[in-house]
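Student: show me the folded form of this:
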Amino acid sequence: MPRRTPRPRPDAVTAASPCPCGLSATYRECCGARHAGSPAPTAESLMRSRYSAFVVGDEPYLLRTWHPDTRPDRVGLDDRTRWLGLEVHGSTDGGSFHQEGTVEFTATYLERGNRGAVREHSRFVRHEGAWVYVGPLPPSV
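Tutor: Now for the predicted structure:
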């Protein structure tokens, strides 16, 4: 019986693809560079690269860029989830001269035929000189 070659996912990202994070650069020039080891210069850049890591299924990157005090043992990515887009609503601090920053965003996805969205106001800090994700801020009242 002949072996079938699996079909690529319709949303497969290549180095020359537009970056999933929504910026006007290729994956290689943008978030792919972060995934390959180039440090994120801002908290927003890190957040965008983490979104792209969900898109391409890069769990090691997600864990590596998560603060050790809040990092889980594993992320548990589901290959049936298709990430559809990212919208950044705003950010505070998180630049070259800051030690902390926040980014508010919405990431939309499709999972088992159901469309959903994750809206989060995330906190980022510098840890050992690099931006890392701490976690969501509590909702404002």
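
Student: burial count for residue 92?
Tutor: By the other CB atoms under 10 Å criterion, the neighbourhood of residue 92 contains 14 residues. Any C-beta I mention is one placed from the backbone N, CA and C, and that applies to glycine too.

Student: list the contacts of it.
Tutor: Taking CB atoms under 8 Å, 6 or more residues apart in numbering, we find residue 92 in contact with 101-102.

Student: helix or strand: which one has it?
Tutor: Remark: residue 92 resides in strand 81-93, with elements defined by DSSP states H and E.

Student: following that strand, which helix or strand shows up next?
Tutor: Helices and strands here follow DSSP H and E; after strand 81-93, the next one along the chain is strand 100-111.

Student: that next one pairs with which strands?
Tutor: Taking DSSP bridges as the criterion, strand 100-111 sits next to strand 81-93 (antiparallel), strand 114-127 (antiparallel) in its sheet.

Student: list of residues touching the top helix by length along the chain?
Tutor: With DSSP state H setting the assignment, residue counts place helix 43-56 as the longest helix in the chain. Under the criterion CB under 8 Å, 6+ apart, residues 11, 13, 19-23, 27, 30-32, 34-35, 40, 58-59, 61-62, 65, 77, 81, 83, 86, 88, 91, 93-95, 98, 100-103, 105, 107, 122, 124, 131-133 lie in contact with helix 43-56.

Student: now stretch 79-88
Tutor: Residues contacting stretch 79-88 (CB under 8 Å, 6+ apart): 9, 11, 20-22, 44, 47-48, 51, 54-55, 57, 103-112, 115.

Student: do stretch 111-128 as well
Tutor: 43, 46-47, 67-68, 78, 80-82, 84, 94, 98-110, 131-137, 139.
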